[in-house]
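In: heads up, no residue letters with this:
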């Protein structure tokens, strides 16, 4: 059996971030073999490790597939070279062999220098600007004809995540997706981070993306309080959350369920529709709040506290409300534009928003995914970063307990 | 097509309890036809309705199957007769054609008199004592050779449920199984009932059956408080809940998860096992509490408040703790014995206990089933009684919010 | 206590469609009282029933709320009047008191004549054209300034659903949402309807809306076969399903999971992205199929069989593929335009598409909702129509078993 | 800060089984620090690795807790000593500091010799017989006064799992718990193992533990076929599965749901109860099969193929059937007795049985957990062994697809 082989190098926190284990696992499961040539494990947790591995496969093709598969974990060919660039053949079309990014910090080598890729997120292309001064991660549809796009794996370096310094829930190796584990300390850790981010401004913003169940299930007052107190700077939501929130203010119901009196009012969708119609007549959510039509709640607090709100449209929307971005690519771009500087992301009770937001976040942002259905937190926690924590709770209980940790008296 | 036919009578709250609709549905779906001969609808909701229906089927066999199928909804042959009795052929063996009960109030006709069946619950047989003075619902294995058992459908009358007088969540026609509906008013209604039951003694006891997630997820302090305040008189649980509760008292952990410090301690099962071993060495939970070894928590509160505790064994138990009833039939009998006088049942976060307890409860007992997994409340809500309410919440959030409604400051 | 009262009339299949029960339930739970004045129950299931009810409430306001709440169930004031029309104040803005539709067949009275509302679906407004010859249900954003919109409840009549003639799963009173009930006969009933719809052309089209799990989990070949055999005429899907399907054709993987070899290939998102990029370069899915680049699978079969395909965009899309409608209102309109003539709707493994499609469908279309997560079928089955059936199954198993019922040998 | 420290040794497949990563993770998260002194990584995947780590903590107590926490992963003090033995103080009571087992292969040192612990499973004690010739893992309640029980951690060695040689689904590092991943290759891998185990007798038995949903949902014929063909040697089930299976044979229904005709028959619990009563009258399931009363199905196949059947009782049982072990500790013992020689375990659609069986299995047995609810497979997959695979599928679809892989034509 003719063997192809290549020597790769791995360095960084490759032991306690499981990188080494995953690389060896991948080589083995794909049908290759390996020799670990050199192995230097960081003596303490601050010190990086370093290893050299000879990868072998029965064919050059399989070897190439294996090398492609372990590259995103940071495994680089021993001999370094510059990255290869090819022009985009047309607007919105990438060169056939474009390099697809991961959500880990990434560098490309240009003229012998390693340069950071800006705006890293999963599944983008890397575009190098004409002067080589700037390298950006770019979504497929945003590429322009002639843009210089990185192709192949040469000269691309992925940096394995370092474990966070704090010894809190975001530093655990295993994701916390279980309705049977204690929530208390997770909420305490999240609250502590939120207090720090608020009080030491400049450390980062807090993003909350949320679905309408927040309002239905009774988490509206708690979320409005969190916004009022300055704990949240960015809100991603859909037409439904905003409409339910303002319906609660105008009619005291959410989809026809009375929120205080607590009685289901049949045909309650009417209130939902009348709310949307009224705001459309007024012209914008902002005007509705500033003119005093909408007095309390999530949207009112967002307007008063100048929270960055991105309302994304969907095919199940009524109306929609003014301000909802109905084009999905435009909505995605608005979300992307709001992300720089996020220091904590809370993804609550919306499968679509949680997954979409999760895909846009770099692996370095601590992220909490909350859903009563365990499959959503499981998906997010599968992203392969410490920093992703799943919580199986209903949205209202999560927000109420979190707000209480931070001082809410509701 | 030769037709068989029989005239049946339905009376009671057959419109707003959906009885009439279900009976006509059943006749139709099984392949029969019907003529509604007489129809008197109760003018107001206090007045019962009355109707006479001619049921027809293409064969006598099918007619008989249809009549058997609609009898549990209260449809009775127009011409009344006494019930038929047959002796049990051996201990634990019923006559082939024994009548199987529903969980609705039931009467049998003896010597022209309608007599109430005591201890009604689903799927039992009806035994008439020798003097005909007493009629009991009896589980199969408890029947004795020669017991006089009701067979067939003649002379058995099921009384459709009346809608409860209170206009609270237990009077709704549709079950509330959704994580997207507001929990607030349901908790308020439950709390109001619990306060009434506690303050007007004699109105009924509160039963809580619960799984270990109560402790894991952080609901222990709230539940202990509810017991201390006299809101709960009966507890059904398993070995795990009791062991986790006392582990929390002895070690501050639950299955190795720290409850206050909040850090997972690897190999934490040790604490669980050491707790069980220590209580076994002491001899009983009661002694452990009274001697001061166990100071706080669910079991300590139960011992102090003389709560009736039934601990049921299961094949996944470690130990088990002293007091756990390892024989499933003996445990079922102990549960059954504790039920008379229950005025409200809270079934929390245990599929097995919730279903088992639900099966033992008559349809007249208001019942709440709480689980983060919607399939459990759905099953219970399918029982076909107003009075069964499903809530999709995690156990800890439910108990904490409920306790807060009742005055807890935790 | 001063009483307000009004007499309402209910007719149609009000017993076995639960209409009467729901109306009385609603009056009672909202705090009103009632007297049933007249009651004529249809003698057999073919005959409609008829009843007159006096509704009373302590205040005129509450009476009005109660009447508004029971109107969607078909309860009409005894004294008939024409409907009231008001002009839309601006494009996309409805008059304040516009009538919001249900998904039940609806009529409005114009000049003493009852006229059918066309294009009925939930939560729309009713617009009467200038000559009164045509009455349409119209979404809020599509209304034009000056359009004559029905306001209030007068002169609007909702027709309770008739139970379907067939004695199959779509005629059951209770929804079949349980993973513990036998699927076999439900699949048989669905297959029988599909065969009838295909063979007796003109009876209606079959719509399938589906999520990407269809491809991931192994249902691709079965679905392609169903399309090839002419069992499906309309497909609603998102960017992901189409991309995964064509990825499977080009690379033999789905999101990097090998479908035949069956091994996960790390960094498999690359194939997904390269697939989208290649189709973008070609220009359209149709060209990709017709040019032979895409040979087999769901999209290939759709192109070959001229299936109407609506691909709706979402904020989590990569690319997207050419043909994906990124504007959510435009996508909703495309879905709406494809619906007339649908005789059966299969909503498979996509929460968003299932809910969105469900909202667009009139109550008269038999609808099956399939998801491994019981909360989605529960939501759909809550729509309050016989005809909505929920199945807790994974998408692949559903499609494979269904295709086998129809003759697939896979 | 005064430091306590100890040097520990780790060896075996500590990289690709994640052992080293978990040990370092644990030390860090518990508040300790470490120096990796020596590191020899196995050059290829066949070669074991070896490392020496100095663990430091701010206090002797914390150091001790850390050492206790990492011991189950195989971390041993560098200086070896014999294990410590203490007599059990009473029947069913262990010495306070007894060593609690993991489900990994374990050895104890006696007189300088490492001896294997037999019957290893989670959460037991280790008992050394008087002659030191035999060391057994023993459940708490089975210990006898005076039994010599291992206490503390000294002289106990846990052997990290070796990755299985086969490159199939049981060798993957990450558990496969997702309804969105392809099932096909997992079923293929399971089927291949089952064929090998059957054809090369002596390689191991196949255990299936299953809940009643197998029958409800339509998997009965497939499972009976698997038993008939010799693919399954051991069945763990409850009263319900056996009763539903025989009800299907006697009445063609399962809990009243018609299985072939496919129509729900109201009050169908009757058939369930009559089935149990009839088998009780006959005396045993075996007699019922051998006398021809029960002709087909799971129980009939088990009797004919001499499958070892353990029927465990539960508090929700009707009857129960003869043969059901109602004492939970006796049932657990019967399950334990059946396990030696198991080479593959399929845990299907029963939370209780799946968890209970999972707890009894050593980590070395390849195990598949199948449930439509993802939380059950997640729990099992959390056990921390390669060899545990989770599948989110309904029971019937799993069994039918598996049987088809093995040649079933149903």
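Out: Alright, I've got the coordinates. These numbers come from a predicted model, not from an experiment. Numbers count the residues shown, from 1 in each chain, chains lettered A, B, ... in the order given.
In: all strands of the stretch 301-410 of chain A, in order?
Out: Assigned by DSSP state E, counting those that start in this stretch, the strands in the stretch 301-410 of chain A fall at A:308-312, A:342-348, A:367-370, A:388-391.
In: Check whether the longest one comes near chain C.
Out: No. No part of strand A:342-348 sits close enough to chain C to count as contact by C-beta under 8 Å from any C-beta of the partner chain; the gap is at least 12.3 Å. All C-beta atoms are positioned from the backbone trio N, CA, C, and that covers glycine.
In: follow-up on the earlier one: by mean pLDDT, show me the worst of the strands of the stretch 301-410 of chain A.
Out: Note on the strands of the stretch 301-410 of chain A: lowest mean pLDDT is at strand A:388-391, with a mean of 84.
In: Tell me, how many residues neighbour the residue in the stretch 1-150 of chain A that chain C sits nearest to?
Out: Chain C sits closest to residue A:69 of the stretch 1-150 of chain A, with a gap of 4.1 Å, by C-beta to the nearest C-beta. Counted with other C-beta atoms under 10 Å in any protein chain shown, residues neighbouring residue A:69 total 24.
In: Report the secondary structure state of it.
Out: The local conformation at residue A:69, judged by DSSP: H, G, I helix; E, B strand; the rest coil, is helix.
In: same question, residue A:163
Out: Residue A:163 - assigned by three-state DSSP - is coil.
In: next structured bit after the helix or strand of chain A with the lowest mean pLDDT?
Out: Ranked by mean pLDDT, DSSP states H and E, the weakest helix or strand in chain A is strand A:257-258, scoring a mean of 59. Tracing the chain past strand A:257-258, the next element assigned as helix or strand by DSSP states H and E is helix A:269-282.
In: mind listing what's buried in the helix or strand following that following helix?
Out: Sequence-wise, the next helix or strand downstream of helix A:269-282 (DSSP H and E) is helix A:285-290. Applying a neighbour-count criterion of 16 or more other C-beta atoms under 10 Å in any protein chain shown, one finds A:285-286, A:288-289 buried in helix A:285-290.
In: what ranges do the strands span in the stretch 151-300 of chain A?
Out: Using DSSP E, counting those that start in this stretch, strands in the stretch 151-300 of chain A cover A:156-158, A:205-210, A:234-238, A:253-254, A:257-258.
In: between the ones you listed, which one is nearest to chain C?
Out: Closest to chain C of the strands of the stretch 151-300 of chain A, according to C-beta to the nearest C-beta: strand A:234-238, at 8.9 Å.
In: Give the pairing partners of that closest one; include direction for each.
Out: Strand A:234-238 pairs in its sheet with strand A:205-210 (parallel), strand A:308-312 (parallel), by DSSP bridges.
In: okay, these in CSV with mean neighbour count and distance to residue C:52 next?
Out: Shown next, in CSV, are the strands paired with strand A:234-238 (neighbours: other C-beta atoms under 10 Å in any protein chain shown; distance: least, C-beta to C-beta, whole Å):
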stretch, mean neighbour count, distance to residue C:52
strand A:205-210, 25, 47
strand A:308-312, 23, 47
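In: Looking at these, which is nearest to residue D:169?
Out: Across the strands paired with strand A:234-238, residue D:169 has its closest neighbour in strand A:205-210 (34.2 Å, C-beta to C-beta).
In: Tell me who's in contact with residue A:104.
Out: A:72, A:74, A:120, A:158-161, A:362-363 (C-beta atoms under 8 Å, 6 or more residues apart in numbering or on different chains).
In: at 7 Å instead, please
Out: A:158-159, A:161, A:363 (C-beta atoms under 7 Å, 6 or more residues apart in numbering or on different chains).
In: tell me the least confident of these?
Out: Here the lowest pLDDT out of the contacts of residue A:104 sits on residue A:161, with 78.
In: Would you agree that one is in contact with residue A:17?
Out: Yes. Using C-beta atoms under 7 Å, residue A:161 makes contact with residue A:17 at a distance of 5.6 Å.
In: For the stretch 301-410 of chain A, just list every one of the helices.
Out: With helices called from DSSP state H, counting those that start in this stretch, the stretch 301-410 of chain A shows them at A:328-338, A:351-360, A:375-381, A:395-405.
In: out of those helices, deepest packed?
Out: Burial of these is given as mean neighbour count (mean count of other C-beta atoms under 10 Å in any protein chain shown); helix A:395-405 ranks first at a mean of 25.
In: Could you tell me the average pLDDT over it, please?
Out: For helix A:395-405, the mean pLDDT works out to 93.
In: can you list contacts of that helix?
Out: Contacts of helix A:395-405 (C-beta under 7 Å, 6+ apart): A:187-188, A:190-191, A:210, A:213-214, A:217-219, A:222-223, A:225-226, A:348-349, A:370, A:391, A:410, B:183, B:393-394, B:397.
In: burial of the residue of the stretch 101-250 of chain A found nearest chain B, as a residue count?
Out: Nearest to chain B in the stretch 101-250 of chain A, going by C-beta to the nearest C-beta, is residue A:185, at a distance of 2.0 Å. Counted by other C-beta under 10 Å, the residues lying close to residue A:185 total 21.
In: Now do the contacts for the residue nearest to residue A:204 when sequence neighbours are not counted.
Out: What sits nearest to residue A:204 in space, not counting adjacent residues and going by C-beta to C-beta, 6 or more residues apart in numbering or on different chains, is residue A:343, at 1.9 Å. Residue A:343 sits next to A:197, A:203-206 when contact means C-beta under 7 Å, 6+ apart.
In: And chain B, is stretch A:294-305 touching that?
Out: No. Stretch A:294-305 lies apart from chain B when judged by C-beta under 7 Å from any C-beta of the partner chain; the minimum separation is 14.5 Å.
In: what about that stretch, distance to the chain center?
Out: 25 Å (C-alpha atoms, centre = their mean, to the nearest Å).
In: again with stretch A:228-246
Out: In terms of C-alpha atoms, centre = their mean, the gap separating the centre of stretch A:228-246 from the centre of its chain is 18 Å.
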